[in-house]
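**Student:** model the following, please.
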Amino acid sequence: MRAPAPTVYVVDDDPDVLKAIERLLQSIGLNVAAFSSPHRFLESYDRNAPGCLVLDLALPGLNGLDVQRVLEQQASVLPIVFLTGHGDIAASVQAMKHGAADFLTKPIDDTALIAAIHEALARDQVSRPAQLERERIAKRLAMLTERELQVLELIVAGRLNKQIAAELGTTEKTIKFHRGNLMRKMGVRVVADLVKLAQRAGVGATPGT
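**Tutor:** Below is the predicted model of the structure:
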């Protein structure tokens, strides 16, 4: 089954700029979804679909940096190419700190815009599978009990069953029981795979440090 074609979302309150970018991108065969309102974009975009966002910085009401923050809160990995007519250095630094793919100044050079979009789409192609994998692992972690999470952290820290039992004040038999349950819930059969999954999800800090 073929992966869906990426969509380039464009958000700009200037109708002439919006139409010009839409026509340019359609002329090179890209799927485009154009919005004059950031609110309409946020209501319509699919966070699970591949693509990128071309976003005007100086939008009324909800500006470009506000939209970027909303997407961050939604755990979106959609790369953003910012557009500005003011060359706002402070805003560009802020946008880049939060992971913007690029920052272009209006009037936009067509070649530079196309290059930035292709780079953003390539970035999305790399980051999206990793994000989906993290979300899959997070769902499995959410099924674990508090005690199973404690056992998992100690396994990742390299503790043996006997050591985990001593730290948690229980028996080795009980630890083996918890370990079996958490491995089943995580969908793995060997400890090495369990550790890899946990580390991808950020589990692994040694308790007490």
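**Student:** quick check, central residue of the chain?
**Tutor:** Nearest to the geometric centre of the chain sits V77, at 3.2 Å (CA atoms, centre = their mean).
**Student:** ok, it touching A120?
**Tutor:** No: with contact defined as CB atoms under 8 Å, V77 does not count as touching A120 (11.0 Å). Backbone N, C-alpha and C define where each C-beta goes, glycine included.
**Student:** number of residues surrounding L55?
**Tutor:** 27 (other CB atoms under 10 Å).
**Student:** give me the local confidence score for it.
**Tutor:** You'll see L55 listed with a pLDDT of 95.
**Student:** pLDDT on stretch 149-163, on average?
**Tutor:** 92.
**Student:** endpoint to endpoint, that stretch covers what distance?
**Tutor:** Stretch 149-163 has an end-to-end distance of 16 Å (CA to CA, to the nearest Å).
**Student:** and stretch 179-189, average pLDDT?
**Tutor:** 91.
**Student:** pull out the buried positions in it.
**Tutor:** Neighbour counts over stretch 179-189 (16 or more other CB atoms under 10 Å) mark 179, 181-183, 185-186, 188 as buried.
**Student:** for stretch 36-56, same thing?
**Tutor:** With burial defined by 16+ other CB under 10 Å, the residues of stretch 36-56 counted as buried are 36, 38, 41-42, 45, 49-56.
**Student:** can I get that stretch as PDB, trimmed to CA atoms?
**Tutor:** C-alpha atoms of stretch 36-56 as PDB (Å, rounded to 0.1, in the frame of the first residue of the first chain):
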ATOM      1  CA  SER A  36      -6.400  32.600   5.000                       C
ATOM      2  CA  SER A  37      -7.100  31.900   8.700                       C
ATOM      3  CA  PRO A  38      -4.800  30.100  11.100                       C
ATOM      4  CA  HIS A  39      -7.900  29.000  13.000                       C
ATOM      5  CA  ARG A  40      -9.300  27.300   9.900                       C
ATOM      6  CA  PHE A  41      -5.900  25.600   9.300                       C
ATOM      7  CA  LEU A  42      -5.700  24.300  12.900                       C
ATOM      8  CA  GLU A  43      -9.300  22.900  12.600                       C
ATOM      9  CA  SER A  44      -8.600  21.200   9.200                       C
ATOM     10  CA  TYR A  45      -5.000  19.800   9.200                       C
ATOM     11  CA  ASP A  46      -4.300  16.100   9.800                       C
ATOM     12  CA  ARG A  47      -1.400  15.800  12.300                       C
ATOM     13  CA  ASN A  48      -1.000  12.200  11.200                       C
ATOM     14  CA  ALA A  49      -0.600  13.000   7.500                       C
ATOM     15  CA  PRO A  50       2.700  13.800   5.800                       C
ATOM     16  CA  GLY A  51       3.500  17.300   4.700                       C
ATOM     17  CA  CYS A  52       4.800  20.700   5.800                       C
ATOM     18  CA  LEU A  53       3.500  24.100   6.600                       C
ATOM     19  CA  VAL A  54       4.200  27.500   4.900                       C
ATOM     20  CA  LEU A  55       3.200  30.000   7.600                       C
ATOM     21  CA  ASP A  56       3.000  33.800   7.600                       C
END
